[in-house]
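Undergrad: sequence plus the predicted model coming up.
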Amino acid sequence: MNRHAGWRTFAALVLAGTTLVLPAGSAGAGEAASLAGGEALGRGIFATYSDRDTVIEGGTVSGPDFSAPVARAAVDLTGLGAGLASLAYSPYNDAAGVINAFGGTSLPVGLFSEASRAKVTGRPPQEHQAAAPGPPGSGAWARLSDGPTAEAAALAFATPAAQALAVRIGDVRSTVRRSGPTVASTVSVVLRAVSIGELLTIESITLTAAATADGAAGLAEAASLVEGVAVAGRPVRLTPDGIEPVGAGPPPLDGLAASGVEIVSAGEAQTTPGGQQSDARATGPRIRLRTADGRILTLVLGEAAASSAFVPPTGG
């Protein structure tokens with residue numbers, strides 16, 4: 001059995017509609033070289049309907065999902081890179097219209113358009129900034145530079161509105177950097193002034209993930225930090241066991257349940273270091289929210305995922 005066969009699958013990275021494939025016989029005749037590649041993904045908010053499929057015109061489809069903002073970077077085993085940054089991203093062509101129709105929201109129709117994205121693929125150097133980045137202070141850019149290095153970042157400023165979910169600032173940054181036989185993937189996600197429903201507020205959520213593959217010990221680090229949580233203005237702490245009060249007096253959890261908000265998890269960090277494959281992931285709190293029309297919306301408040309792979313020389 002070829003112990004390296006599993007790592008060859010990393011040669012095909014699908015990113016932002018681009019497939020990067022390792023060509024056969026990339027090393028010179030009689031010469032074998034090590035290969036390295038990585039991927040980094042940062043998402044501010046990931047939302048999807050989780051209660052049931054939806055029937056439209058006699059057909060059954062999954063409920064719409066979207067991420068906002070999002071930044072993804074990758075370098076494949078051949079050195080080709082890709083980057084995608086957007087204030088909001090969804091696989092649906094008319095994502096804003098679909099989400100507004102199902103959720104009773106009022107997302108701008110142009111929020112998910114090509115003009116709100118920055119995208120680069122191929123060889124460096126390349127750089128692209130979103131043509132219509134959104135509210136003042138917002139922006140999205142993607143870059144490929146020598147190394148190779150792939151970078152993507154999106155910064156979204158939004159004014160909290162009278163909706164079920166509001167985030168004032170979302171900052172996501174992803175980088176994959178290859179130096180010789182070593183590849184390092186890093187992600188940071190910061191959300192500030194998060195409010196869900198009328199009772200649950202969070203001052204800040206900070207997520208980081210880093211994964212390095214180098215053919216030796218490798219490295220994987222991840223952290224999830226949630227600060228300033230309150231229910232109806234009373235400070236609480238999110239733990240794996242649920243909500244714990246901070247200070248005197250229990251928080252009004254009955255009111256939280258009555259408003260259709262359920263805290264499923266407090267957030268977590270997972271790491272798997274290795275010289276040939278390293279993975280790191282940090283996620284923020286996971287929330288279930290009952291919408292006005294009775295649907296169940298699952299919200300993941302931030303995700304940072306980094307992965308790096310090293311393929312040692314073979315033959316020779």
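TA: In hand now; what should we look at? If you're wondering where the values come from, they're calculated on a predicted model, not measured in any experiment. Numbering: from 1, shown residues only.

Undergrad: shaky segments in the stretch 51-200 of the chain?
TA: Along the stretch 51-200 of the chain, the parts satisfying pLDDT under 70 run over 51-64, 91-115, 132-134, 158-164.

Undergrad: can you show me the strands along it?
TA: Assigned by DSSP state E, counting those that start in this stretch, the strands in the stretch 51-200 of the chain fall at 54-56, 59-61, 65-75, 81-86, 117-122, 126-129, 139-145, 149-157, 165-179, 182-196, 200-213.

Undergrad: ok and the last one relative to strand 165-179, angle-wise?
TA: Same thing as strand 200-213. 10 degrees (axes from the mean of the first three to the mean of the last three Cα atoms, to 10 degrees).

Undergrad: ok so, going back, so which of the strands of the stretch 51-200 of the chain is the most packed in?
TA: strand 81-86 (a mean of 30; mean count of other Cβ atoms under 10 Å). Every C-beta, even on glycine, is put in place using the N, C-alpha and C of the backbone.

Undergrad: now tabulate the strands of the stretch 51-200 of the chain in JSON lines and tack on distance to Gly37.
TA: Shown next, in JSON lines, are those (distance: least, Cβ to Cβ, whole Å):
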{"stretch": "strand 54-56", "distance to Gly37": "37"}
{"stretch": "strand 59-61", "distance to Gly37": "34"}
{"stretch": "strand 65-75", "distance to Gly37": "5"}
{"stretch": "strand 81-86", "distance to Gly37": "10"}
{"stretch": "strand 117-122", "distance to Gly37": "14"}
{"stretch": "strand 126-129", "distance to Gly37": "18"}
{"stretch": "strand 139-145", "distance to Gly37": "14"}
{"stretch": "strand 149-157", "distance to Gly37": "10"}
{"stretch": "strand 165-179", "distance to Gly37": "7"}
{"stretch": "strand 182-196", "distance to Gly37": "6"}
{"stretch": "strand 200-213", "distance to Gly37": "9"}
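
Undergrad: those strands: which one's closest to Leu256?
TA: Leu256 lies closest to strand 200-213 among the strands of the stretch 51-200 of the chain, at 6.4 Å (Cβ to Cβ).

Undergrad: helix or strand next in line after that closest one, which one?
TA: Next helix or strand after strand 200-213 toward the C-terminus (DSSP states H and E): strand 219-231.

Undergrad: packing partners for whichever helix or strand comes after that next one?
TA: Scanning forward in sequence from strand 219-231 by DSSP H and E, the next helix or strand is strand 234-239. Using 3 or more Cβ pairs under 8 Å, 6 or more residues apart in numbering; DSSP states H and E, the elements in contact with strand 234-239 are strand 219-231, strand 242-245.
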